[in-house]
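*Asks:* Dropping the sequence and predicted coords here.
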Amino acid sequence: MRRLQQLGGKTRAANGDEVDALPRSTVSTILRGDKLPRSEFVSAFVTACLEYGGQPPEKVADLTEHWLSCWRALYAAGVREGAQGSDARDDLTGEGPKERSVPRHLPPDVRLLADREGELRVAEERFRRQPGGSVFLVTGPVGVGKSAFAVRWAHRLAGDFPEGQLYVDLRGPAGPLNSEQALGVLLASLGVHEEDLPADPWWRMQRYRSLIASRRMLVVLDNACDAEQVRPLLATGEHCRTIVTSRNRMSGLVAREAAQRLVLDVLSSQAACSVLSAIIDEAYVADARAELEELAELCGHLPLVLRLAAVKFTDRPGQGFKTFVRTMRDGSRLLALALDGDSGNSIRAELEFSYRRLGLDAKRYFRKIGLVDPTGFTLETGAAVAGIPLAEADRLTEQLESEHLVTEIDGHRFAMPRVLQVFARGIDGRPDEPRTLTLVCSG
């Protein structure tokens, strides 16, 4: 016992005095199981025991973190009665019992979500049928409104998750978050201080899942890149659910985690016109129904593009709505739509994000099929314009389908939305492929 006391080192008491981390009386009391010990004691005791047993430093660190994660799970689970009937958490803090904070981190609900009641009903019906721990995937093309849909759905479900709703934008302000960074955001939402975050991603995942295991919580993972990024972030507790949004179809998440996939399509012509009319004053479009429908068509019936176009017109309504629609027939004008002072919220930025994620072969193929007839193309046409075998065209078309950059329109034809086709033509021949210099040396 003296040796363990030495290995345990020193700590600070509440009054600031330096004391033994493992005083004999404390060890004796705790090992009888009367009270939940302080985390500092757990760390000191486990470390001392492992060092006494001659374990290497790296194993000491890993096993100590394991025991600390177990302690955190017990602490997060709630009240534990001590020998004298005292609350174990009172002993840990030296204060009276506190209510566990409830994170409510959903973004504000969207005010305009046109023509999505049918999809919301389907989503809620699936939700009611699935057991705890289930994953729901909302996917679809760029600008179709996946995030807005997921946020509206999450707000509707919030009452079923009284112990909190977590939200993280996996796209991140400076680029996609990796799983380790995203776990840091989620753990911070659960009250874990930055200095207490485990350095190892696996331990971060374990702590995250331990903290929410017994809680009724909803987790929204927005703008996910792929299944690999998402898997460590899934809430696996019996009373938890996870909603993921992504441009990627995430077939792996559907196959392995049995995710329920809901694909959002573009709006109908009528709904698209309603989005425009909700932003543009009726006086400007009263006698321009044909132009309103044309603008909806030019925007590909995509909610993001529709809103940007409508706001762009309201910035300078003096030009007249019909004149504005004529200017939007120029694809480059449509692609340049953006909000003043918000450069990240633009069509081009969204499409660039998707394009950068493609491999070099897929990028080249995307540019080539952007040149074909807007009414659609077959695999044979794709192979011909790209100068590749049919099997390769099939493989690359499937990749673009997975990212919702092309859509199958019947059994053997595929189409690219007009705004995507304009984008593809604008980057055709751009030198983004690495050049290789070959030197030939003669004998």
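*Replies:* That came in fine, so what should we check first?

*Asks:* Touching, residue 230 and residue 244? I think so.
*Replies:* Yes: in this structure, residue 230 sits in contact with residue 244. The criterion is C-beta atoms under 8 Å, and the distance is 5.7 Å. In short, each C-beta sits where N, CA and C put it, glycine included.

*Asks:* Between these two, which is the more surrounded one?
*Replies:* residue 244 (29 against 25; other C-beta atoms under 10 Å).

*Asks:* Does the host helix or strand of that one pack against any helices or strands, and if so which?
*Replies:* Assigned by DSSP states H and E, residue 244 belongs to strand 241-246. Strand 241-246 is packed against strand 135-139, helix 146-157, strand 218-224, with contacts defined by 3 or more C-beta pairs under 8 Å, 6 or more residues apart in numbering; DSSP states H and E.

*Asks:* Among those, single out whichever gets nearest to residue 170.
*Replies:* Of all these, the one in closest proximity to residue 170, counting by C-beta to C-beta, is strand 218-224 (5.0 Å).

*Asks:* partners of the closest one, with directions?
*Replies:* Using DSSP bridges, the strands paired with strand 218-224 are strand 165-169 (parallel), strand 241-246 (parallel).

*Asks:* Let's test this: mean pLDDT of the helix or strand just after the first one, rounded?
*Replies:* The C-terminal neighbour of strand 165-169 among helices and strands, as given by DSSP H and E, is helix 179-189. The pLDDT scores in helix 179-189 average 94.

*Asks:* buried stuff in the helix or strand following helix 179-189?
*Replies:* The element immediately downstream of helix 179-189 (helix or strand, assigned by DSSP H and E) is helix 201-212. Within helix 201-212, the residues that count as buried by 16 or more other C-beta atoms under 10 Å are 201, 203-212.

*Asks:* closest to residue 115 among those residues?
*Replies:* Proximity of the buried residues of helix 201-212 to residue 115, judged by C-beta to C-beta, is greatest for residue 212, which lies at 34.2 Å.

*Asks:* which residue sits closest to that closest one, ignoring its sequence neighbours?
*Replies:* Once its chain neighbours are removed from consideration, residue 212 has its nearest residue in residue 237; the separation is 5.3 Å (C-beta to C-beta, 6 or more residues apart in numbering).

*Asks:* which stretches of the stretch 51-200 of the chain have low pLDDT?
*Replies:* 52, 57-58, 60-62, 66, 68-100 (pLDDT under 70).

*Asks:* And the contacts of stretch 307-316?
*Replies:* Where contact means C-beta atoms under 8 Å, 6 or more residues apart in numbering, the residues beyond stretch 307-316 that reach it are 112, 275-276, 278-281, 284, 295, 298-299, 319, 321, 324, 328, 334, 337-340, 345-347.

*Asks:* of these, buried ones?
*Replies:* Members of those that pass the buried threshold by neighbour count (16+ other C-beta under 10 Å) are listed as 275-276, 279-280, 284, 295, 298-299, 321, 324, 328, 334, 337-338, 346-347.

*Asks:* Following element in sequence after the strand holding residue 244, please.
*Replies:* helix 251-257.

*Asks:* tell me the mean pLDDT for that following helix?
*Replies:* Here helix 251-257 scores 94 as its mean pLDDT.

*Asks:* for the next helix or strand after that helix, packing partners?
*Replies:* Proceeding N to C from helix 251-257, the next assigned helix or strand is strand 260-263, under DSSP H and E. The contact analysis (3+ C-beta pairs under 8 Å, 6+ apart) places strand 260-263 against helix 117-129, strand 135-139.

*Asks:* one more time with 10 Å, if that's ok
*Replies:* Using 3 or more C-beta pairs under 10 Å, 6 or more residues apart in numbering; DSSP states H and E as the contact test, the elements touching strand 260-263 are helix 117-129, strand 135-139, helix 146-157, strand 241-246, helix 251-257.

*Asks:* of those, which approaches residue 197 most closely?
*Replies:* Evaluated with C-beta to C-beta, these place strand 241-246 nearest to residue 197, the distance being 20.9 Å.

*Asks:* what angle separates the closest one from strand 135-139?
*Replies:* Counting by axes from the mean of the first three to the mean of the last three C-alpha atoms, to 10 degrees, strand 241-246 lies at 20 degrees to strand 135-139.

*Asks:* what's the offset of strand 241-246 from the middle of its chain?
*Replies:* Between the mean C-alpha point of strand 241-246 and the mean C-alpha point of its chain there is a distance of 7 Å (C-alpha atoms, centre = their mean, to the nearest Å).

*Asks:* Show the average pLDDT along that strand.
*Replies:* So the average pLDDT for strand 241-246 ends up being 96.

*Asks:* Okay, angle between it and helix 117-129 too, please.
*Replies:* Relative orientation of strand 241-246 versus helix 117-129 (the same axes, to 10 degrees): 140 degrees.

*Asks:* Quick one: work out the angle between strand 241-246 and helix 146-157.
*Replies:* The directions of strand 241-246 and helix 146-157 differ by 170 degrees, with the same axes, to 10 degrees as the criterion.

*Asks:* Can you spell out the domain ranges of this protein, please?
*Replies:* Domain assignment for the chain by automatic domain parsing gives 2-93, 117-263, 269-350, 359-426.

*Asks:* now the ones you listed as CSV including distance to residue 103?
*Replies:* Supplementary listing: those in CSV, determined by distance: least, C-beta to C-beta, whole Å:
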stretch, distance to residue 103
domain 2-93, 13
domain 117-263, 4
domain 269-350, 26
domain 359-426, 31
